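# What shape does this take:
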Amino acid sequence: MPEIIVRKGEPIDRALKRLKGKIDAEGLMDEVRRLRAFETPVQRMRRKAKNNAKRAKLKIRFNFNPLS
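Coordinates of the predicted model:
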């Protein structure tokens with residue numbers, strides 16, 4: 001569970017923004033939405049294929065070296 005420490009004199013809005021950023025970075029809201037309702041095997045397969053395609057695309061994008 002992500003937690004933040006509110007600094008002295010820090011506005012609550014800024015602390016909430018930092019908390020939301022940590023929650024998004026860890027993917028907690030996506031997991032909560034996914035677990036809220038039953039996921040059929042077809043939906044699970046599509047979700048995993050989409051995630052794998054995204055991961056492969058990022059891997060190609062950031063590991064591409066035209067000189068090698």
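# what's the average pLDDT for stretch 10-17?
Stretch 10-17 shows a mean pLDDT of 94.
# Please export the C-alpha coordinates of the helix or strand containing N51 as CSV.
Assigned by DSSP states H and E, N51 belongs to helix 41-63. C-alpha atoms of helix 41-63 as CSV (Å, rounded to 0.1, in the frame of the first residue of the first chain):
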residue,chain,number,x,y,z
PRO,A,41,-11.3,-16.3,-20.0
VAL,A,42,-11.6,-14.5,-23.3
GLN,A,43,-11.4,-11.1,-21.6
ARG,A,44,-8.3,-12.3,-19.6
MET,A,45,-6.6,-13.5,-22.7
ARG,A,46,-7.3,-10.2,-24.5
ARG,A,47,-6.0,-8.2,-21.6
LYS,A,48,-2.8,-10.2,-21.3
ALA,A,49,-2.2,-10.1,-25.1
LYS,A,50,-2.7,-6.3,-25.0
ASN,A,51,-0.3,-5.9,-22.1
ASN,A,52,2.3,-8.2,-23.8
ALA,A,53,2.0,-6.2,-27.1
LYS,A,54,2.5,-2.9,-25.2
ARG,A,55,5.5,-4.3,-23.3
ALA,A,56,7.1,-5.6,-26.6
LYS,A,57,6.5,-2.3,-28.3
LEU,A,58,8.3,-0.4,-25.4
LYS,A,59,11.1,-2.9,-25.4
ILE,A,60,11.7,-2.4,-29.2
ARG,A,61,11.4,1.3,-28.8
PHE,A,62,13.9,1.7,-26.0
ASN,A,63,16.3,-1.1,-26.9
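# The nearest residue to V6 once chain neighbours are set aside: what's it in contact with?
Among residues not flanking V6 along the chain, A15 sits closest, at 4.6 Å (C-beta to C-beta, 6 or more residues apart in numbering). C-betas here are computed from N, CA, C, even on glycine. Shown in contact with A15 (C-beta atoms under 8 Å, 6 or more residues apart in numbering): I4, V6, R7.
# Serialize these to a markdown table and add fields for secondary structure and distance to F38.
Output for these, formatted as a markdown table (DSSP: H, G, I helix; E, B strand; the rest coil; distance: C-beta to C-beta, whole Å):
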| residue | secondary structure | distance to F38 |
| --- | --- | --- |
| I4 | coil | 33 |
| V6 | coil | 38 |
| R7 | coil | 42 |
